[in-house]
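A.B. asks: predicted model and sequence follow; I will ask about them next.
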Amino acid sequence: MMGRQWHRAVFLLCLVLGGVGCTSGEPQIRIVSQEAVPSPVMRGVVSVFMKIENAGRGSDSLTGAKTDLPGTLVELHDTKNGKMIRTEKISLPAGSSVSLQPGGAHIMIFRMPREAGVGSVFSLRLVFGKSGEKNVAVKIIRPSDMRYDHES
């Protein structure tokens, strides 16, 4: 009888200790290599690319983006079956990095002001589900100047 109680106690202790290790932590978001590239076919449209690193123990998601540029419309996009589609969020698993890049998830900004051309820098506020808002400076570059060091 004593052996059974001891096994139950050890089992319960393992459950409790195992649960402690499984608690979700906080995300730790860092944004690098942000750049915008004008659309080659649509005037006043840029695609924004960057690498978002989540070094934390908790997952997060990019749920939106905003800019102070007057009259602009900002959307999150992804690519499914070779077609660009609007999406509500971009998942950022714990301990990973996600690249917003051509042919994949990215941010589109429509109705850019005419004065916002190659070489211009603008502020972009990224909205995260858990981490709140983070401001980044984004430079508009020529497509030929695009860095391809983004990693998935």
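C.D. replies: Done, it's in. Every value quoted in this text rests on a predicted model; they were computed, and no experiment measured them.
A.B. asks: buried stuff in the strand or helix carrying residue 78?
C.D. replies: Using DSSP states H and E, residue 78 maps to strand 73-80. With burial defined by 16 or more other CB atoms under 10 Å, the residues of strand 73-80 counted as buried are 74, 76, 77, 78. In this view, the C-beta of every residue, glycine as well, is placed from N, C-alpha and C.
A.B. asks: what is the end-to-end distance of stretch 50-63?
C.D. replies: Criterion CA to CA, to the nearest Å; first-to-last residue distance in stretch 50-63 is 15 Å.
A.B. asks: who's in contact with that stretch?
C.D. replies: 24-35, 76, 88-100, 126-131, 136, 138, 150-151 (CB atoms under 8 Å, 6 or more residues apart in numbering).
A.B. asks: switch to 7 Å and redo it
C.D. replies: Outside stretch 50-63, the residues within contact range by CB atoms under 7 Å, 6 or more residues apart in numbering are 24-34, 76, 89-100, 126-131, 150-151.
A.B. asks: again, but for stretch 99-112
C.D. replies: 44-51, 65, 67, 69, 71-79, 90, 150-152.
A.B. asks: put the buried members of the residues you listed into a ChimeraX selection.
C.D. replies: The ChimeraX selection below is limited to those of the contacts of stretch 99-112 classed as buried (16+ other CB under 10 Å):
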select :45,46,47,48,49,50,51,65,67,69,72,74,76,77,78,90,150
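A.B. asks: in this structure, where is pLDDT below threshold?
C.D. replies: Along the chain, the model assigns pLDDT under 70 to residues 1-24, 145-152.
A.B. asks: how about the helix or strand where residue 123 lies: buried residues?
C.D. replies: Per DSSP H and E: residue 123 is located in strand 121-128. Burial within strand 121-128, assessed by neighbour count using 16+ other CB under 10 Å, is assigned to 122, 124, 126, 127, 128.
A.B. asks: got the contact list for the third one?
C.D. replies: Shown here is residue 126, whose contacts under the criterion CB under 7 Å, 6+ apart are 31, 62, 65, 133, 134, 136.
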